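S.K.: Starting from these lines, generate the structure:
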Amino acid sequence: MKNFKSGTQINQGYYKSFEPNLINRKWELDNMELIYLLSSANREVGKLDMYSEYIPNIDLFISMHVLKEATQSSKIEGTETNIQEALLERDDIPVEKRDDWDEVQNYTKAINFAISKLAELPFSSRLIRQTHKILLQGVRGTHKLPGEFRQSQNWIGGATLNDARFVPPVHTNVMELMSDLEHFVHNTDYYFPELLKIALVHYQFETIHPFLDGNGRVGRLLITLYLVSTGLLKKPILYLSDFFEKHRTQYYDNLMIVREKNNLTQWFKFFLVGVIETAKNGITTFENILKLQKNIDTKIQGLGNRASNAQKILTFLYQRPLIDATKISEICEISSASAYKIIAEMEQLEILKKISSSKRGKTYIFENYLKLFR
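M.R.: Alright, predicted model coming up:
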């Protein structure tokens, strides 16, 4: 990495754009600290991945991981919707916060779409564009070419090109740069560790900034998408946006250090520390989920013949820990009166907690589960 050069500032007349160098080439590691961090990160990701097989019905819990990622990645871009609000229906969100809520819902749809599409499409510009289209559909960026690479100059920070903190490459070079990125992802001629590969891909994607809007969210989504596409993770259970949001200044600074000082090693270290911390937190979350499950399963045994209905409700709550009597009636195929009776019993067992009266009636939350993701 010693001879790494990130790119060149190109004079465009009244401003300068940054032209990143191509990345589809042979790379060599020469930093022992980085190699040590890489080994630690691979070990923690391996431990986390074991939970994909160890936890029964792990797919039940993935939707909450996705929702947390959607709120945290969107938060980096300035939205204010938290994970509990993201669970509510749109009509229950204050009018002034609905645009933020819409963006979080779109991000959730985009992640789910991208992961499901891996069965038929490789990690590619085509998949990236399709995912971007969903991300911006019907929200504030909907007029900024959803699903299409930009056809004009964009910039990061500042009110205009003249005072921008960073100006990505001109739009005429985007296709070539994205093609190079895609070839690097699928290059099997030269070995490069997968975690460093996606760290470099994320940096390069954010530097190219191929879309007029949504680049940050798509770029962070690509990390999990890549880990699943390579088989490093069997399930999409590792998301770095929470780490990036907590260390937002360092996140942006470390990306800029690569461009301004050619210091790719520092970005790699920051990225790997994020992987290690996030994987460890993920393991703790799954361990706490198992403890909670065991505790609650013991509690509901005391409900007698209503225990089976309580279990059906819990299966729903593990995917979406917010519910009302209408949904319970539907899940259990019982009357409204019976639904409220089982709600009262689950409140007494401290499984459900009333949080509000929405336009459709009382809403209840699975608080002890939700707090594991806060």
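S.K.: domain parsing for the protein?
M.R.: 7-285, 304-370 (automatic domain parsing).
S.K.: among those domains, which is nearest Ile296?
M.R.: Ranking these by distance to Ile296, with C-beta to C-beta as the measure, places domain 304-370 first at 6.0 Å. From N, CA and C alone the C-beta is placed, and that goes for glycine too.
S.K.: Out of the helices and strands in this protein, which is least certain?
M.R.: None of the helices or strands of the chain scores lower by mean pLDDT, DSSP states H and E than strand 353-358, at a mean of 76.
S.K.: circling back: mean neighbour count and distance to Gln293 for the domains of the chain - can I get that in a markdown table?
M.R.: As requested, the domains of the chain are exported to a markdown table (neighbours: other C-beta atoms under 10 Å; distance: least, C-beta to C-beta, whole Å):
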| stretch | mean neighbour count | distance to Gln293 |
| --- | --- | --- |
| domain 7-285 | 18 | 9 |
| domain 304-370 | 16 | 8 |
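S.K.: Which of these has the lowest mean pLDDT?
M.R.: The stretch with the lowest mean pLDDT among those is domain 304-370, at a mean of 90.
S.K.: For the nearest residue to Leu127 once chain neighbours are set aside, give me the backbone phi and psi.
M.R.: Sequence neighbours aside, Leu121 is the residue nearest to Leu127 in space, at 4.7 Å (criterion: C-beta to C-beta, 6 or more residues apart in numbering). Phi and psi for Leu121, reported as degrees, to the nearest 10, are phi -120, psi 140.
S.K.: From Val174, how far out is Leu121?
M.R.: According to C-beta to C-beta, to the nearest Å, Leu121 stands 20 Å off from Val174.
S.K.: ditto for Leu136
M.R.: Taking C-beta to C-beta, one finds Leu136 at 17 Å from Val174.
S.K.: Spatially central residue in the chain, please.
M.R.: Among the residues of the chain, the one closest to the centroid is Glu69, at 3.7 Å (C-alpha atoms, centre = their mean).
S.K.: From Tyr36, how far off is Trp215?
M.R.: No, residue 215 isn't Trp; it's Asn. Applying C-beta to C-beta to Asn215 and Tyr36 gives a distance of 31 Å.
S.K.: so who does the residue nearest to the centre of the chain touch?
M.R.: Glu69 makes contact with 107, 111, 220-221, 224, 239, 241-242 under the criterion C-beta atoms under 8 Å, 6 or more residues apart in numbering.
S.K.: my guess is the residue nearest to Leu127 meets Arg129, correct?
M.R.: No - the pair Leu121 / Arg129 is not scored as a contact, 10.9 Å apart, by C-beta atoms under 8 Å.
S.K.: How far away from the center of its chain is stretch 89-109?
M.R.: Distance of stretch 89-109 from the chain centroid (C-alpha atoms, centre = their mean, to the nearest Å) equals 17 Å.
S.K.: can you check stretch 294-301 too?
M.R.: With C-alpha atoms, centre = their mean, you get 31 Å for stretch 294-301.
S.K.: do stretch 82-95 as well
M.R.: Taking mean C-alpha positions (C-alpha atoms, centre = their mean), stretch 82-95 and its chain are 19 Å apart.
S.K.: next one: stretch 294-309
M.R.: 34 Å.
S.K.: Tell me the helix or strand right after the helix or strand hosting Ala114.
M.R.: Following DSSP states H and E, one finds Ala114 within helix 98-117. Downstream of helix 98-117, the next assigned helix or strand under DSSP H and E is helix 125-136.
S.K.: So Ser17 belongs to a strand, correct?
M.R.: Yes - the assignment for Ser17 by DSSP: H, G, I helix; E, B strand; the rest coil puts it in a strand.
S.K.: Hmm, it is touching Gly7, no?
M.R.: No - using C-beta under 8 Å, Ser17 makes no contact with Gly7, being 9.8 Å away.
S.K.: Fine by me, thanks again.
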